[in-house]
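J.: Dropping a prediction and its sequence here:
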Amino acid sequence: MTTAYDVIVVGGGPVGAACARELALAGRRVLVLDPEGEHGQGWKAAAGMLAPQLEAEPEDPLLELGLAAREHYGPLAEALRETTGNDIGLWREGIAWAAADEAEAGGLRSKVAWQRQQGHLADWLDADEVRSRWPWLGPTHGALWAPHEGALEPERLVAALRQDGARLGVGTEPVAAVAIESRGDRVTGVVGRSGRYPAGDVIVAAGAWSGTIGGVPRPIAVAPVRGQMAALPWPPGTRRAIVYGRGGYLVARGDEAIAGSTMEYAGFHPEVTSAGLARIFAAVTALCPTLTSAAVRRTWAGLRPVTPDGLPIIGAEPRLQGLWYATGHGRNGILLAGLTGLLIKQLLGGEPAAEDLAPFSPARFWKW
C-alpha cells in the first residue's frame, strides 16, 4: 500500500529535517527525499557554531534572524531530548574573536559598541583579560566577547530531528529529486530518479544541490561553496572554548579542536586540498601556537549553499503555488535550521511568520 503525502521536502539535512518535523507536528503528511549516497553535504562539514553576533555587520538582516534562531535552540534541544532521548550537544558559554593587531581590534571595538547600542550583550576584553581567560592563545590585541553565543553538534542535531520526524510519521525515500512537477500554476509533486512523488506542496531544502532541480519557474540562485575542515587534539588541560581569529576559528568538541574553514567556489567537488588545509593551519596555529606540532586527526570538506547576496531563500515561489524554498543558508545552515523549520510551518499554515522574511524572499532574484 502506497502512503499518500501532502508535503514533500526535498533534502534531509538540518533544514529539511527541521521543516519535515515541524510540518508533521502540525498534522501534515510529510515525505522527505534525500539521496544518502551523495557526499559533501555542508552540515557534515559544519563546526556547529551559533554565532550571529560575531558574524553580523550593521544593517545586516541576518542578525535579528540569527539571534531568534539561536534562542530557538534552547526549547528545541529540550523537546528533542524528551521525545528522542538524544542530546544535540548544545552549549552556550560564549565565543571570543581575538584581534591579531590594533587595526583589527579597532574594528571589533566598533562592533561591540554597535551591538550594545542595539541592546545586545557584547564586551571588549583587553589583551591581559584575554591572556587570563585563555592562556593557551597566542599574543592578541584584545577580543570581542559575546557571552550568549555557543555551538551544537550538527550530526547529533540531524539525527534527533530525523528520529523525531519518524516518530511523527515522516516518511523518507533515498531518492534524488530531478524536477518539480506542476500543472498550470500549481505544484503537483516531484520527479525523482526512480519515479514520481505526488503532493500539493513541495519544499526545496536541498542545500548546495537546490540549483540543480528542474521544473522551477526561474533558476534557484544557489551555488556550492566548498569549506574545508580539520580536527586536532584540544589543548590538554584547558577548558573548552570557541575562538575566532583572522582567517580561522577553533571549536572545542569533545577532546578535539575543530578547525576551519575555507570558502571556495570549486563546483561540486568536496575534496580536501593541501592549499586549503595550509590556510586553515596557518590561521589556527596563529591563534593557538601549541597546536603547531599537533597531529592532525582527520580532514574533510563540505559544500555550503550560497546565494549571490549571502542571504538565505525562505518563502513561497510567487509564480508557482505550492512551491516553497528553505535553502541558501550558506555558513549559517546549522544556526538557522531549527527556526527555518518553524517559519516554513507557519507559512504553509497561512500564519504570519514569526520573523520578518522580506529580505529573504525568493522573488528578489531573476525578476524577468
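T.: Perfect, thanks for sending it. Residues are numbered from 1 along each chain as shown.

J.: For the longest helix along the chain, which helices and strands make contact with it?
T.: When the chain is scanned for its longest helix (criterion: DSSP state H), the result is helix 62-84. With contacts defined as 3 or more Cβ pairs under 8 Å, 6 or more residues apart in numbering; DSSP states H and E, helix 62-84 has these neighbours: strand 49-50, helix 52-55, helix 154-167, helix 333-348. (C-beta placed from N, C-alpha, C; glycine too.)

J.: Can you name the next helix or strand after that helix?
T.: Secondary structure here is assigned by DSSP states H and E; on that basis, the next helix or strand after helix 62-84 toward the C-terminus is strand 95-98.

J.: Correct me if wrong: residue 127 contacts residue 142.
T.: Yes. Residue 127 sits in contact with residue 142 when judged by Cβ atoms under 8 Å, with a separation of 5.3 Å.

J.: Between the two, tell me which one has more neighbours.
T.: Neighbours per residue, other Cβ atoms under 10 Å: of residue 127 and residue 142, the larger number sits with residue 142, 23 against 15.

J.: Present the helices and strands packed on helix 62-84 as a markdown table; the columns should include mean neighbour count.
T.: Compiled in a markdown table, the helices and strands packed on helix 62-84 are given as follows (neighbours: other Cβ atoms under 10 Å):
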| stretch | mean neighbour count |
| --- | --- |
| strand 49-50 | 26 |
| helix 52-55 | 22 |
| helix 154-167 | 21 |
| helix 333-348 | 25 |
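
J.: Indicate which one of these is closest to residue 235.
T.: strand 49-50 (18.6 Å; Cβ to Cβ).

J.: Can you spell out which residues form a bridge with the closest residue to residue 109 other than its chain neighbours?
T.: Nearest residue to residue 109 in three dimensions, chain neighbours excluded: residue 124, at 5.5 Å (Cβ to Cβ, 6 or more residues apart in numbering). Bridge pairing for residue 124 (DSSP bridges) gives the partners residue 144.

J.: Residue 124: what's it in contact with?
T.: Shown here is residue 124, whose contacts under the criterion Cβ atoms under 8 Å, 6 or more residues apart in numbering are 108-109, 112, 142-145.

J.: Check the offset of whatever helix or strand residue 300 lives in from the chain's centre.
T.: Using DSSP H and E, residue 300 sits in strand 298-306. Strand 298-306 sits 12 Å away from the centroid of its parent chain (Cα atoms, centre = their mean, to the nearest Å).

J.: That strand packs against which elements?
T.: In terms of contact count using 3+ Cβ pairs under 8 Å, 6+ apart, strand 298-306 is assigned the packing partners strand 223-233.

J.: ok so, going back, which of the helices and strands packed on helix 62-84 has the lowest mean pLDDT?
T.: Out of the helices and strands packed on helix 62-84, helix 52-55 stands lowest, with a mean of 92 (criterion: mean pLDDT).

J.: which strands and helices sit next to it?
T.: Checked by 3+ Cβ pairs under 8 Å, 6+ apart, helix 52-55 has helix 62-84, strand 143-146 packed alongside it.

J.: And those: which comes nearest residue 338?
T.: Of all these, it is helix 62-84 that lies closest to residue 338, at 4.8 Å by Cβ to Cβ.

J.: hang on, the earlier thing: between residue 127 and residue 142, which contacts overlap?
T.: Once Cβ under 8 Å, 6+ apart is applied, it turns out that residue 127 and residue 142 contact no residue in common.

J.: Report the distance from stretch 63-79 to the chain centre.
T.: Distance, centroid of stretch 63-79 to centroid of chain: 12 Å (Cα atoms, centre = their mean).

J.: Ignore what I typed, I meant stretch 50-69.
T.: In this view, stretch 50-69 has its centroid 13 Å away from the chain centroid, taken as Cα atoms, centre = their mean.

J.: could I get stretch 267-276 in CSV with only the CA atoms?
T.: These are the backbone C-alpha positions of stretch 267-276, laid out as CSV (Å, rounded to 0.1, in the frame of the first residue of the first chain):
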residue,chain,number,x,y,z
GLY,A,267,31.8,23.3,-8.0
PHE,A,268,30.6,20.0,-6.7
HIS,A,269,34.0,18.9,-5.6
PRO,A,270,34.2,18.4,-1.8
GLU,A,271,37.8,17.3,-1.8
VAL,A,272,40.4,18.4,0.7
THR,A,273,43.3,20.2,-0.8
SER,A,274,46.8,20.9,0.5
ALA,A,275,46.4,24.7,-0.2
GLY,A,276,43.1,24.8,1.7
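
J.: So which bits of that stretch are buried?
T.: The neighbour-count check on stretch 267-276 (16 or more other Cβ atoms under 10 Å) flags 270, 272-273, 276 as buried.

J.: one step back: need the residues that contact the longest helix of the chain.
T.: Identification of contacts with helix 62-84 by Cβ under 8 Å, 6+ apart yields 50, 52-53, 55-56, 86-88, 90, 92, 118, 120, 148-150, 152, 160-161, 163-164, 167, 311, 332, 335-340, 342, 354-356, 360.

J.: Just the C-alpha atoms of that helix, please, in PDB.
T.: Output of helix 62-84 as PDB, limited to C-alpha atoms (Å, rounded to 0.1, in the frame of the first residue of the first chain):
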ATOM      1  CA  LEU A  62      20.700  38.100   9.300                       C
ATOM      2  CA  LEU A  63      21.500  39.500  12.800                       C
ATOM      3  CA  GLU A  64      17.900  39.600  14.100                       C
ATOM      4  CA  LEU A  65      17.000  36.300  12.300                       C
ATOM      5  CA  GLY A  66      20.200  34.700  13.700                       C
ATOM      6  CA  LEU A  67      19.500  35.900  17.200                       C
ATOM      7  CA  ALA A  68      16.000  34.500  17.100                       C
ATOM      8  CA  ALA A  69      17.400  31.200  15.700                       C
ATOM      9  CA  ARG A  70      20.000  31.000  18.400                       C
ATOM     10  CA  GLU A  71      17.300  31.400  21.100                       C
ATOM     11  CA  HIS A  72      15.100  28.800  19.400                       C
ATOM     12  CA  TYR A  73      17.600  26.100  20.100                       C
ATOM     13  CA  GLY A  74      17.100  26.100  23.900                       C
ATOM     14  CA  PRO A  75      13.500  24.800  23.800                       C
ATOM     15  CA  LEU A  76      14.100  22.700  20.700                       C
ATOM     16  CA  ALA A  77      17.000  20.900  22.300                       C
ATOM     17  CA  GLU A  78      14.900  20.200  25.300                       C
ATOM     18  CA  ALA A  79      12.000  19.000  23.200                       C
ATOM     19  CA  LEU A  80      14.200  16.600  21.200                       C
ATOM     20  CA  ARG A  81      15.700  15.300  24.400                       C
ATOM     21  CA  GLU A  82      12.300  14.500  25.800                       C
ATOM     22  CA  THR A  83      11.000  12.800  22.600                       C
ATOM     23  CA  THR A  84      14.100  11.000  21.300                       C
END
